Each structure stands twice: as C-alpha cells, then as structure tokens.
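Asks: what shape does this take:
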Amino acid sequence: MPYDPLAHVDAQIRERAARIGLVCLDVDGTLTDGRLYFDGDGREIKSFNVLDGQGLTQLRRFGIHVALITARNSQAAKRRGDDLRLETFIGVKDKLTCMDELAARHGLDRQRTAFVGDDLPDLDCLRVAGLSVAPANAHPWIAEIVHWRTRARAGEGAVREVCDVLLAAQGHVPAILAGAAHSRDGSRA
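Replies: Residues are numbered from 1 along each chain as shown. You can find the predicted model right below:
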C-alpha cells in the first residue's frame, strides 16, 4: 500500500493543515530528542534527523515559511537553521510574540500558522496556533492541549511527519514525487 501521510489524521487536522503558510518549531524535544550533550569544553552538541531536514526543505520549496524558535541560546540550533536556510531565533523569551511577528511579516494570521512544540515554554503558541502539534513523546500537559500528536518521537522523524501531512493536505505530493524522479540524475531538488 502506498504511503499516505493523511491516512492517520482526521478531517479537522487535514483542513487545518491545508491552510498553513508558516510553520514555527521549537528545537529541543521537537527537532532533537530533547537530550543535551556537552563536550569537554562545555560546547553544546545536538543530533538532528536528516528526514526532518528534508521535510522542512520541501515546505520551503512550496512556499511555506519555516522558523525555528528556541528559548535556549543554542549555537547548534542556529547552525542547523542556517544550514537549512530557515529563519532562526535563539534565546527567545517570548515565543508567542516572536511567532506573531513572523506571521505578520509574512502577511499571515494565527489560523495560517502551525506551531510544533513539546513542553511548557511552547504552551502559549500551541494554544493559539491554527495547527498545534506535539511529538509522540511530548510532555503530557502539552499532549493534552494540541490539535494533533505525531506517531513519531521527537528527533526520530516527528517533524518530517508534520511536513508530510502539510504537503499532502496542500496537494504537493505529486510535484514532490515528480521532482524526486528528476533528482536521481544527481541534480538537487
């Protein structure tokens, strides 16, 4: 049976996903598994899933704005955001204001904004976003208030699952698959 990202989401999630123009993501516990690693010199090290990165790249390809918003002053998160050419905000104390300013800058409102988060610093954004999503292993208080929880855990493809649902709900899968066929010749999509 072919992969259908929408098979496990209800009609309400599909409708919400179809109108999203901006995706804001927390980093730790969303794009990463939530663990913090430090080397002997105290530098932070994070592990990111390449599947998530490809999904975010596809969102951008189809005109969906993507931003990383993290409360931690994480150079690793900044580096990953830069690598994927995402708007990246580190050390953010008020994520809701940041999300609202980004939406306004792109001519969008909260109903056209998705937020993906896993814990209390994300609560304000998750309560008001047009589509609020938490990874499968998000804190229970967060899992109770979001519109949808992914099947995948944070750092293990949860963000890719969100990307696939958005792309499918907005009708971009045929173009993605056609582009993937052309990229086999060594060109980049």
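
Asks: okay, CA-based contacts and neighbour counts for the rest of this
Replies: Will do.

Asks: so how many other residues sit close to Q58?
Replies: 20 (other CA atoms under 10 Å).

Asks: correction: the previous question concerned G63.
Replies: G63 - counted by other CA under 10 Å - has 10 other residues nearby.

Asks: enumerate every residue touching V66.
Replies: Going by CA atoms under 8 Å, 6 or more residues apart in numbering, V66 touches L22, V23, C24, L25, L56, L59, R60, L86, E87.

Asks: cutoff 6 Å now
Replies: L22, V23, C24, L86 (CA atoms under 6 Å, 6 or more residues apart in numbering).

Asks: list just the nearest of the residues you listed to I145.
Replies: Set against I145, the nearest of the contacts of V66 by CA to CA is C24 (17.0 Å).

Asks: show me what the helix or strand hosting the closest one is packed against.
Replies: Take DSSP states H and E as the rule and C24 turns out to sit in strand 22-25. Applying 3 or more CA pairs under 6 Å, 6 or more residues apart in numbering; DSSP states H and E, one finds that strand 22-25 contacts strand 65-69, strand 113-116.

Asks: C-terminal to the shortest one, what's the next element?
Replies: Right, strand 113-116. With secondary structure assigned by DSSP H and E, strand 113-116 is succeeded by helix 123-128.
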